[in-house]
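Q: missing the sequence, but the structure's below:
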Ligand code: NAP
């Protein structure tokens, strides 16, 4: 029997942090499966660029908020087809608003994608990794899940929840040599933060001890470390990539 290709699955790999993670893990030698929901051209371009540099990548449409679609994806594209070495739960959205004005549907939508979506992906990946007896799961949380943020009740709940799930999954899966860790980025230059006003951006930059917003690559470097053999004895941890804004 031929060996299955060592594969890293990155949800939301079409843009921003997920794109940098997909490119970095491809450079590290993984075949990368990256998913998207609304931007097929961007996702295909990321895969094409990885291939042009000699790497292996495929883009798949997958809404992590749709549990049935996620379960089907793992059954049809992952199980027994590839060696699922790494899962990065990166897909995420914001629907900001202050507590007293936040609509139920905006709370539910953010929890559905950022928390439940990560849970479904983790569950399906864990079934496969348990049989493989190895694997790395890396959840992209956020500094605001650690310290709170006005106007982000839904997002902070999801990102704090992701930290709890990371620790529980680490305890459950360690006996199968599967590590589960979280990366908690601070304020990172991507589409998600592009709408911040100059004034808010300046305030953040002044408050960050390293005096700059982070780059998607800063986060990808931390993910690549946690995916590597160098991090073999690290599980259940939160690696903050935040320029020192929260210690
Ligand atoms: P982004 O630029 O807005 O990109 C979001 C990515 O998620 C895109 O690839 C998007 O796909 C995908 N996505 C959105 N909804 C999805 C769904 N339902 N199913 C599958 N994929 C979906 O965001 P980013 O700034 O790179 O953030 C990436 C992750 O880091 C998120 O979890 C975010 O919460 C977290 N984070 C970001 C920051 C920051 O400052 N930027 C800080 C801390 C944590 P399409 O392109 O197809 O729409």
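A: Sure thing, it's come through. As the structure is a computational prediction, the values presented were derived from the model and not from experiment. Numbers count the residues shown, from 1 in each chain.

Q: what's the average pLDDT for the host helix or strand of residue 157?
A: According to DSSP states H and E, residue 157 maps onto helix 153-173. Average pLDDT, helix 153-173: 98.

Q: do the helix or strand following it and the ligand meet?
A: Counting by DSSP H and E, the next helix or strand C-terminal to helix 153-173 is strand 178-185. Yes: residues of strand 178-185 contacting the ligand under CB under 6 Å from any ligand atom: residue 185. Glycine gets a C-beta too; all of them are placed from N, C-alpha and C.

Q: what helices or strands is strand 178-185 leaning on?
A: helix 117-132, strand 135-140, helix 143-147, helix 153-173, helix 216-227, strand 238-241 (3 or more CB pairs under 8 Å, 6 or more residues apart in numbering; DSSP states H and E).

Q: show me which residues of this protein sit near the ligand.
A: 11-12, 14-18, 35-39, 42, 62-65, 90-93, 113, 140, 142, 185, 187-188, 190-193.

Q: go through those residues and flag which are in helices.
A: If you go by DSSP state H, the residues of the chain next to the ligand have 16-18, 42 in helices.

Q: only whichever of those are buried, select them in ChimeraX.
A: In ChimeraX, this line selects whichever of these come out buried by 16 or more other CB atoms under 10 Å:
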select :16,17,18
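
Q: by mean pLDDT, point me to the weakest helix or strand of this structure.
A: Ranking every helix and strand in the chain by mean pLDDT, DSSP states H and E puts helix 198-207 at the bottom, with a mean of 92.

Q: could I get the contacting residues of the residue nearest the centre of the chain?
A: For the chain, residue 90 is the residue whose C-alpha lies nearest the centre (CA atoms, centre = their mean; 1.9 Å). Neighbouring residues of residue 90 by CB atoms under 8 Å, 6 or more residues apart in numbering: 10-13, 17-18, 21, 140.

Q: how about a cut-off of 7 Å?
A: By CB atoms under 7 Å, 6 or more residues apart in numbering, the contact set of residue 90 is 10-12, 17-18, 21, 140.

Q: cool, thanks, signing off.
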